[in-house]
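Enquirer: I'll drop the sequence and a predicted model, then ask my questions.
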Amino acid sequence: MYKVIIKLPYTIEKRKDISFLLSSLSIVVALTVSILAAAGMISLYGEDVGIVLKAIAGGSFGSMSALIDTLIKATPILLTGLATVVAFRAKVWNIGQEGQLYAGAMGATFVILTFPDLNLPPVVHIPLLLFASMITGAIWGGIPGYLKARYNVNEIIVTVMLNYVIQYLCTFLLNGPWQEPGSYYYNTVKFPESSFLPLLFDTRLHIGFLIALITAFLVYFLIWKMKLGFEIRARGDNPVAANYKGISIQRVTLTTMLLSGAIAGLAGGVEILGIHHKLIWGFSSGFGFTGILICLLGRSHPLGVVIASIFFGALHNGSSAMQIYSDVPRSFVNLIMGLIIVMMLFWEAVFKYRLRRI
Amino acid sequence: MLSDILQSGLIISILATAVRMGTILLLAALGELIVERSGVLNLSVEGMMLSGAFGGFIGAYYTNSLWLGVLSAILAGLLISALFGLLAIILQIDQTVSGLTVNIFAAGLTFYLYRTLFPNVGATNIPALKPFSVFQLPFLSDIPIIGKILFSQYALSYLAFFLMLLVAFYLYRTKSGLILRTLGENPRVVDMKGINVMRYRFLAVLFGGMMAGLAGSFITLASVGIFVADITSGRGWLAIAIVIFGDWKPVKILWASLFFGFIDALQMQLQALGVQLPFQLFLTMPYILTTVAVFLARKRSGAPLALGVHYERE
Amino acid sequence: MNSEFDKPLLTVDNLSKSFGQFIANDQICFDVIKGHIHCLLGENGAGKSTLANCIYGASKPDSGRIVFKGQEVSFSSPKDAIRQGIGMVHQHFVLSEPMNAVENIIVGEESTGTFLNLQNDTEKIQNLCDQYDLTFDLSLPVSQLSVGEQQWIEILKALYVGVDLLLLDEPTAVLTPQEVERLFAVISKMAAEGISVILITHKLDEVLDISNSVTVLRKAKAIITVDTENSTKASLAKLLVGRDFDFKVNKVKVDRGAPVLEIKNLSVLRDNKTLAVNRVSLTVHEGEILGLAGVSGNGQSELFDALVGVRQTENGSIRLAEDEITNCSPAEISIKGMASVPQDRLKQGLIGNFSVKENLILGAHSNPPFCSRGVLNWKTIMDFSKEAINNFDIRTIGPEQKVEQLSGGNLQKVILAREISHPIKTLIASSPTRGLDINASFYVYSRFLEQLKLKAGILLISEDLDELFNIADRIAVIYNGSILGEYCIEDATIEKIGLLMAGLKEETEPLVQSDN
């Protein structure tokens, strides 16, 4: 028996950290591979890849109105993405953005339906409603946060469970007390106009997008410039050492969940006040879950999240055009989203290994 | 008298449903048990189950054989778990992140494939197949009450009970089971004996995927006969909660599964009886009780010490 | 029994190993004879563990030969080494805590059959235990066994597969002097039965006590191999450090002042609600170091945690100078002038993924001048960091470097810079020099002594008796959560302390009582 041993002058090592450059490169490679894979699959449909890609690009950035649509689509997922950033930076695994988003939408709706005759000017009414959204979102995030902080109950399972609970609760309300009288569908009455989010530049783009951008900046400021952000990151990286140095892990955990829930709740409020002007069943097409994706794709960085959300907004928007111009179904986008995130994790991990000369 | 009989009939029916729903959860939970005992926190059970539900439906739909459907469900679970294994074990990406990612990927994939294979599905023309019928065990099913509850079940339920015994036997009575348990507590012990930690864990993950796939096929092939998006509706997460609630021990996991199955059954039966409460509130019951269950189980000590921690050689 | 003419069992010939730029072993040569106990003596960082890993197959030498039983061998994994008959007991035990000794020993062993036969295995292992006079409960989970018993399991693992050569890496570091004696008895017995033992240590007494021959390692090189009979403590010490060496730190006695830390009747629970610290009373004064000796796991870490505020106390009180700090939060305690150096630097002391500057303000990050109204003042933090890096000679690329990239000595300097850059009243340090080389250790000591001059008091929790005898003014001994006794350094001897560490209270009265 002979063993053939080939000695290469290199060894493979894993490095602890990955430079910003390599990390960016991994995103580029992941996107390229995903797009190539998508192109391959499109050609399986017997479609001309060029035409389909052009349709997607045209449908998302090709005209002013397409661009506006993309930004509108990006708004809720940008906010849920930011909610995820706050939580994941602390390694508090909030998977409940979807539920907190529902809670936020329901909070604003509750205020509107309970006080129908407020007759407030929009300048007061809208902040009030968005505030209500944030409060209810924070409550829905605060429950698992409190259970985690006080009793160390697994927050992943609780947030997932609460997603289901609030969605059924919402369906119940829309099928009962909140349903528009005489309506066959699950929705409330139309909200008063004073609650509509104002539009920007005479387009369909509502200020929700601006609010999301400001939130992104605030989250950035929080994470890197503020004491609370320092403590959030400390909890995420080494809760034991943080505890020894006087950071209350319980307080940070709860605060993180409240904050994350509030931002996700804001997403819900912005979406119904900006787009639907009533609470309507299925107003969220998985914005909460997409937020997790956006956060991972944006490397848990607010700027990355802004870019990723616009990218996904574009993909969503372009997919409608794709469906019109080809036989490729819209759901193709769901697949591609999943593919991109898998690819990104894959390549980032691969780039962690390097060859070293021995 | 009449009402008494009615009620006992109702109770039997609830309990029989409890066993049916419970064994779905049991299958997935047993798979997750093996995975977690090897030290890997697999949060993609939901995605694996969903893939199994889809794979089972498609397999059966195109081959006209329910058992080939089950086979393709197992295969689907296997493939998705291989993806999870690649990310979480081979590439050593954070296990929580890997699990969430795989869930998202599986949801996207199944939704896309379903829409591609059935492009014109509306509310009225959902493709369906004739699901498994119950398999009455000869003689045993004639035992009053117990026979109806335990021995008039689907073949997959019997299989689940059998697999529970098998898993328990494997963990505590075989050498390989000892290695697997040690992997979850301190993988270095095993590594120093020259056993490949990654390979072992990967195999455990594949087993978990096959079990989740099997559990998923149970939903589409034995319960409803159709597939819709998110048909697993959180049962994968329930399976993870059951492993916690069952303190990472096979027999306790059996009881926990049956308990959750019972909640599910109660919810279905009360709803069917038209109890005066909106059905959406019934639907929230399993989720609220799961939250309560993980709260109650917060001090369980059976968690493997190395759960969720990547193994790196020094 | 073994004549000198016996062929060597193991020959290490010109073995070299480096990690990148760093040379760990440089052309090492030595022989081990069958049935002999051979010591590898060297300071931390001299290359002992790397050498052991090469012999044991855990790492691959870059060049050189290893000849075992007359055959040149090249192991690709520890499994190969074990198969050939080389076993190793690591400094940190590799055991599965919830499982019992038998399961730990047989897991993954190659043997026929698919199924477990624990009864059969238990009998086999019990026989081995009888053979070496090891008495302990084989059915208890490892977590309930003492450290000494856990070490026996490691030895049994090797005996179970039948090794011819056993390496022990610093086996006495975690044992009481009495447990060391039992271990040495077992090792001697093994040698008598023809098993060769390589004992890796930095303690001269151990070499003289038990070994047949010794190879001294210094700065990656094997300086010399000598027969132990022909050696003295002084001659070995000189070889060890390469110069005449006095074991004493230059300590200038500082006048002892008022009490700065008063612990009265303190009781603390473990996580599992059992009593870890039992009515402990200790007082530390200005300008003195109180050493707390004890085998690890006797309540030291719970005491440390209670003092710095991360663990609730059950009973008793803690005063820091004029302030009552019992059950205060860690932040309050540290503001009142308590500094702490925890045992595990990267787990408890620092955040690996944070930069040097972030770690330097950890804890003080919410106070002015680093923070005002919830916003961090990065400019001030930067200035402070540069100064601290300078003052404490922290070898780093800069304040932005992540601390996980620093060496052990520099990690400790970051912690010290954070803890004692500002005036403090008391410093609590737990094993502050563990894993540090001699230079880094002396740097830590010098910083401690400097604090004494600044009127601080120090509570030094350590398992290293040499360290305590070097710099402490008084030594108290903790056993099973209680203070068994306390000696002034002038009255303390290794024997007295050792007995207390083993839980045996001596008849003669300690000169200083711990209570009033």
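Expert: Cool, the structure landed.
Enquirer: for chain A, what is the nearest residue in the stretch 201-314 of chain B?
Expert: In the stretch 201-314 of chain B, the residue found nearest to chain A is B:Gln280; the distance is 3.7 Å by Cβ to the nearest Cβ. Every C-beta, even on glycine, is put in place using the N, C-alpha and C of the backbone.
Enquirer: neighbours of that residue, just the number please.
Expert: If you count neighbours by other Cβ atoms under 10 Å in any protein chain shown, B:Gln280 ends up with 18.
Enquirer: ok, B:Leu163 touching B:Leu30?
Expert: Yes. Proximity of B:Leu163 to B:Leu30 meets the contact threshold set by Cβ atoms under 8 Å, at 5.9 Å.
Enquirer: thinking again about what came up before, can you tell me the element the residue of the stretch 201-314 of chain B closest to chain A falls in?
Expert: Per DSSP states H and E: B:Gln280 is located in helix B:279-283.
Enquirer: so which residues make contact with that helix?
Expert: Under the criterion Cβ atoms under 8 Å, 6 or more residues apart in numbering or on different chains, residues A:Tyr164, A:Tyr168, A:Leu169, A:Thr171, A:Phe172, A:Asn175, B:Gln267, B:Leu270, B:Gln271 lie in contact with helix B:279-283.
Enquirer: all strands for the stretch 51-200 of chain B, in order.
Expert: Secondary structure of the stretch 51-200 of chain B (DSSP state E, counting those that start in this stretch): strands at B:135-136, B:152-153.
Enquirer: cool, and chain A?
Expert: Along chain A, the segments classed as strands by DSSP state E run A:10-14, A:353-357.
Enquirer: before we move on, the earlier item: mutual contacts of B:Leu163 and B:Leu30, please.
Expert: Residues touching both B:Leu163 and B:Leu30 (Cβ under 8 Å, 6+ apart) are B:Met211.
Enquirer: between these two, which has more neighbouring residues?
Expert: A count of neighbours by other Cβ under 10 Å puts B:Leu30 above the other of B:Leu163 and B:Leu30, at 30 against 20.
Enquirer: give the contact list for the more buried one.
Expert: B:Ala160, B:Leu163, B:Met164, B:Val167, B:Met211, B:Pro250, B:Ile253 are the contacts of B:Leu30 under Cβ under 8 Å, 6+ apart.
Enquirer: one more time with 7 Å
Expert: B:Leu30 makes contacts with B:Leu163, B:Met164, B:Val167, B:Met211, B:Ile253, as judged by Cβ atoms under 7 Å, 6 or more residues apart in numbering or on different chains.
Enquirer: tell me the pLDDT of the first one.
Expert: Reported pLDDT at B:Leu163 in the predicted model: 95.
Enquirer: with the one 10 residues further on instead?
Expert: In this prediction, B:Arg173 carries a pLDDT score of 93.
Enquirer: quick one, helices of the chain?
Expert: Using chain A here. A:20-44, A:49-61, A:64-89, A:97-114, A:122-151, A:155-174, A:208-225, A:227-237, A:239-244, A:249-271, A:287-297, A:302-325, A:332-351 (DSSP state H).
Enquirer: oops, wrong one, chain B.
Expert: Applying DSSP H to chain B gives helices spanning B:2-37, B:45-63, B:66-85, B:95-117, B:146-150, B:155-173, B:175-185, B:187-191, B:197-217, B:235-245, B:250-272, B:279-283, B:285-296.
Enquirer: that older thread, buried subset of the contacts of helix B:279-283?
Expert: When the contacts of helix B:279-283 are checked for burial by 16 or more other Cβ atoms under 10 Å in any protein chain shown, the buried set is A:Tyr164, A:Tyr168, A:Leu169, A:Thr171, A:Phe172, B:Gln267, B:Leu270, B:Gln271.
Enquirer: could you dump these into a markdown table and include pLDDT and distance to chain C?
Expert: Listed next are the buried ones among the contacts of helix B:279-283 as a markdown table, based on pLDDT from 0 to 100; distance: Cβ to the nearest Cβ, whole Å:
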| residue | pLDDT | distance to chain C |
| --- | --- | --- |
| A:Tyr164 | 92 | 34 |
| A:Tyr168 | 91 | 38 |
| A:Leu169 | 93 | 35 |
| A:Thr171 | 90 | 40 |
| A:Phe172 | 90 | 40 |
| B:Gln267 | 79 | 37 |
| B:Leu270 | 73 | 42 |
| B:Gln271 | 68 | 43 |
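Enquirer: hang on, the earlier thing: which one of the contacts of B:Leu30 has the most neighbours?
Expert: Among the contacts of B:Leu30, B:Met211 has the most neighbours (other Cβ under 10 Å), with 31 neighbours.
Enquirer: quick one: that residue from B:Ala73, how far?
Expert: 11 Å (Cβ to Cβ, to the nearest Å).
Enquirer: same check, this time on C:Asn390
Expert: Where B:Ala73 is concerned, C:Asn390 sits at a distance of 65 Å (Cβ to Cβ).
Enquirer: residues from chain A in reach of chain B?
Expert: Residues of chain A lying close to chain B (Cβ under 7 Å from any Cβ of the partner chain) are A:93, A:95, A:147, A:151-154, A:156-158, A:160-161, A:164-165, A:168-169, A:171-172, A:175-176, A:289, A:292-293, A:296, A:329, A:331-332, A:334-335, A:337-338, A:341-342, A:345-346, A:349.
Enquirer: just the buried ones from those residues?
Expert: Buried residues within those, counting neighbours by 16+ other Cβ under 10 Å: A:93, A:95, A:147, A:153-154, A:156-158, A:160-161, A:164-165, A:168-169, A:171-172, A:289, A:292-293, A:296, A:329, A:331-332, A:334-335, A:337-338, A:341-342, A:345-346, A:349.
Enquirer: re the thing from before, closest one of the contacts of B:Leu30 to chain C?
Expert: Using Cβ to the nearest Cβ, these come closest to chain C at B:Val167, 15.1 Å.
Enquirer: C:Asn390 and B:Ala73: which is more packed in?
Expert: Using other Cβ under 10 Å, the more surrounded residue of C:Asn390 and B:Ala73 is B:Ala73, with 32 against 10.
Enquirer: looking at it, that one is touching B:Ser217, isn't it?
Expert: Yes. B:Ala73 lies in contact with B:Ser217 (Cβ atoms under 7 Å); the separation is 3.2 Å.
Enquirer: any stretches of the chain with poor pLDDT?
Expert: This is for chain A. Within chain A, the ranges that satisfy pLDDT under 70 run A:1-18, A:354-358.
Enquirer: if you could check chain C rather than the one you did, that'd help
Expert: By pLDDT under 70, the low-scoring segments of chain C are C:1-6, C:44-45, C:241-249, C:505-516.
Enquirer: let me know the secondary structure of the residue nearest the centre of it.
Expert: What sits nearest the mean C-alpha location of chain C, by Cα atoms, centre = their mean, is C:Arg434, with 5.2 Å. C:Arg434 carries the three-state label coil when classified by DSSP: H, G, I helix; E, B strand; the rest coil.
Enquirer: before I go, just wanted to say thanks for your time.
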